[in-house]
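Undergrad: give me a 3D structure for the following:
(one chain, ligands or ions: 1)
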Amino acid sequence: MAQLLVENITLTFGGVAALSSVSLAVEEGELVSVIGPNGAGKTSLLNCISGFYHPQRGRILFEGHEITRASPHEVTRLGIARAFQNIELFSGLTVLENLMLARHTHLGYNLAQAGVFYGKALAKEVENRRVVEEVIDFMELEPYRKALVGNLPYGVRKRVEVARALSLSPRLLLLDEPIAGMTLEEKEDMVRFILEIRAQGTTVILIEHDLGVVMDISDRVYVLDFGQVIAEGMPEEVVKNPRVQEAYLGVGA
Ligand SMILES: Nc1ncnc2c1ncn2[C@@H]1O[C@H](COP(=O)(O)OP(=O)(O)OP(=O)(O)O)[C@@H](O)[C@H]1O
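TA: Numbers count the residues shown, from 1 in each chain. From the prediction side, this is the model:
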């Protein structure tokens, strides 16, 4: 069974369908990209998977659990984390504090539990710190760990945003335009990190407008247009698909 199954989801806003009967199946360890023109429904799809939107029809299963109506918090606890297009970090906190806070907020013990199970809470805190330090090391953020996020250049903040998602130890990572607005060098670095994340066994769903990057690194690609999946397959198949060329690349027709 696929790790993530999206079955015929439909999401409407006041009569406008952002997604119409969209299905998607992602295997554990795959790097799957979702592409499509502006307004095609890519972010809406990620919002449904991550619990921010709930589709009116269809269902979503992650590792056999139905998450169609789950909250973002529940989805995170089940092993799905998301790096946002518009960076969701606290600019007045350091890199280290942002990552620790993410773990506390989503996976941590609450204060009442900490009071009752002091030893357990302490062990949890040591574990939180270990994971966060590993992520900082992995994302090569060591030079910035004590820097306030608000003072960091945009490209580094994008990297911290991915690190924040990774610090939740996800088995499925959702990346919404992780290289948008970056310099060429920053893009190359981010692509390398994405490939390393996948190499470590984490499943990745990527929304990205840079087709060169998508075609280079994806195992499979889904193409959305007007809220519908118009093509799915290996990158080299998808680019040859006449519907994709018409709808997305603006050629043909
Ligand atoms: N909260 C909302 N309220 C109303 N309409 C929405 C909402 N979110 C998305 N939509 C609509 O749903 C459609 C799909 O939008 P979505 O942002 O998912 O597309 P996208 O493919 O991610 O676009 P982009 O590449 O520009 O980010 C659009 O018509 C958009 O206006």
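Undergrad: tell me the helix or strand right after the one helix or strand Leu45 maps to.
TA: Applying DSSP states H and E as the criterion places Leu45 in helix 42-49. Toward the C-terminal end, the helix or strand that comes next after helix 42-49 (DSSP H and E) is strand 57-62.
Undergrad: so what touches that next one?
TA: Outside of strand 57-62, the residues that reach it under the criterion Cβ atoms under 8 Å, 6 or more residues apart in numbering are 3-10, 21-23, 48-49, 66-68, 75, 78-80, 172. No exception for glycine: its C-beta is placed from N, CA and C like everyone else's.
Undergrad: just the CA trace of the helix or strand Glu185 falls within, in CSV.
TA: Using DSSP H and E, Glu185 falls within helix 184-199. What follows is helix 184-199, C-alpha atoms only, in CSV (Å, rounded to 0.1, in the frame of the first residue of the first chain):
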residue,chain,number,x,y,z
LEU,A,184,21.6,30.0,-8.3
GLU,A,185,24.1,28.9,-5.7
GLU,A,186,21.4,28.8,-3.0
LYS,A,187,19.2,26.8,-5.3
GLU,A,188,22.0,24.3,-5.9
ASP,A,189,22.5,23.9,-2.2
MET,A,190,18.8,23.4,-1.6
VAL,A,191,18.5,20.8,-4.3
ARG,A,192,21.4,18.9,-2.8
PHE,A,193,19.7,19.0,0.6
ILE,A,194,16.4,17.7,-0.9
LEU,A,195,18.2,14.8,-2.5
GLU,A,196,20.0,14.0,0.7
ILE,A,197,16.7,14.1,2.6
ARG,A,198,15.3,11.6,0.1
ALA,A,199,18.5,9.5,0.3
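Undergrad: and Arg159, what does it touch?
TA: By Cβ under 8 Å, 6+ apart, the residues touching Arg159 are 139-141, 186, 189-190, 193.
Undergrad: picking that back up, from the contacts of strand 57-62, which land in strands?
TA: When these are checked against strands (DSSP state E), the matches are 4-10, 21-23, 66, 80, 172.
Undergrad: and Leu152, how many residues sit next to it?
TA: 19 (other Cβ atoms under 10 Å).
Undergrad: picking up where we left off before, just after the helix holding Glu185, pick out the following helix or strand.
TA: Stepping forward along the backbone from helix 184-199, the first helix or strand reached (DSSP H and E) is strand 203-207.
Undergrad: which strands and helices sit next to that following strand?
TA: Other helices and strands packing on strand 203-207, by 3 or more Cβ pairs under 8 Å, 6 or more residues apart in numbering; DSSP states H and E, are strand 31-35, helix 42-49, strand 172-176, helix 184-199.
Undergrad: for the stretch 1-150 of the chain, what lies in contact range of the ligand?
TA: Contact residues, the stretch 1-150 of the chain versus the ligand (Cβ under 6 Å from any ligand atom): 13, 18, 36, 38-44.
Undergrad: can you pick the most crowded of those?
TA: Lys42 (26 neighbours).
Undergrad: from memory that one sits against Ile35, does it?
TA: Yes: applying Cβ atoms under 8 Å, one finds Lys42 in contact with Ile35, separated by 7.4 Å.
Undergrad: and stretch 200-218, what's buried?
TA: In terms of neighbour count (16 or more other Cβ atoms under 10 Å), stretch 200-218 has its buried residues at 202-208, 211, 213-215, 217-218.
Undergrad: if we can go back for a sec, find the residues that touch each one of Lys42 and Ile35.
TA: Taking Cβ under 8 Å, 6+ apart as the contact criterion, the residues that touch both Lys42 and Ile35 are 207, 224.
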